[in-house]
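Asks: Just to be clear, the model below is a prediction. Sequence and coordinates:
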Amino acid sequence: MRARVYVSLKKSVLDPQGKTIHHSLENIGFQQITEVRQGKFFEIDFAPELTREEVRAEVEKIAKDVLTNPVIEEFSYRIE
């Protein structure tokens with residue numbers, strides 16, 4: 001089983017890298033974009049003998065304890 005984990009800054013946290021990307025896009029002609037926020041993406045493969053519930057518990061623990069800074073970041077995930 002594979003989990004895809006998406007980590008991004010909370011909406012209340014300023015995203016200077018996203019602002020820089022947005023400004024660059026405007027400079028090359030993409031005028032209809034109102035905001036860009038950047039983040040991180042992880043693919044995690046799990047042993048096939050784990051159940052979906054076990055994978056879900058592992059993903060949530062990994063995301064909370066390792067992949068994110070809970071003060072400024074949030075995560076979402078999808079299990080395939």
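Replies: Looks like it arrived, so ask away.

Asks: Every contact and neighbour count from this point should use C-alpha atoms.
Replies: Noted.

Asks: My read is that residue 44 contacts residue 6, right?
Replies: No. Applying Cα atoms under 8 Å, one finds residue 44 not in contact with residue 6, separated by 11.3 Å.

Asks: Please say which of these two ends up with more neighbours.
Replies: More crowded of residue 44 and residue 6, by other Cα atoms under 10 Å: residue 6, with 18 against 13.

Asks: Would you check that the more buried one makes contact with residue 43?
Replies: No. The criterion here is Cα under 8 Å, and residue 6 misses it with residue 43 at 9.1 Å.

Asks: ranges for the strands of this structure?
Replies: If DSSP state E is used as the criterion, the strands of the chain fall at 2-9, 39-45, 73-79.

Asks: I'd like those written out as CSV, with distance to residue 63 added.
Replies: Below are these laid out as CSV (distance: least, Cα to Cα, whole Å):
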stretch, distance to residue 63
strand 2-9, 8
strand 39-45, 10
strand 73-79, 7
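
Asks: Any regions of the protein where pLDDT drops low?
Replies: Along the chain, the model assigns pLDDT under 70 to no residue.

Asks: Please spell out which residue in it sits farthest from the middle.
Replies: In terms of distance from the mean C-alpha position of the chain, residue 29 ranks first, at 26.9 Å (Cα atoms, centre = their mean).

Asks: who's in contact with that one?
Replies: Residues near residue 29 by Cα atoms under 8 Å, 6 or more residues apart in numbering: none.

Asks: And residue 31, by the same measure?
Replies: Residue 31 neighbours (Cα under 8 Å, 6+ apart): residue 25.

Asks: For residue 62, give its distance to residue 56.
Replies: From residue 62 across to residue 56, the span is 10 Å (Cα to Cα, to the nearest Å).

Asks: Likewise for residue 41?
Replies: Distance from residue 41 to residue 56, by Cα to Cα: 17 Å.

Asks: Looking at the two, which is more packed in?
Replies: Just comparing residue 41 and residue 56: by other Cα under 10 Å the higher neighbour count belongs to residue 56, 16 against 13.
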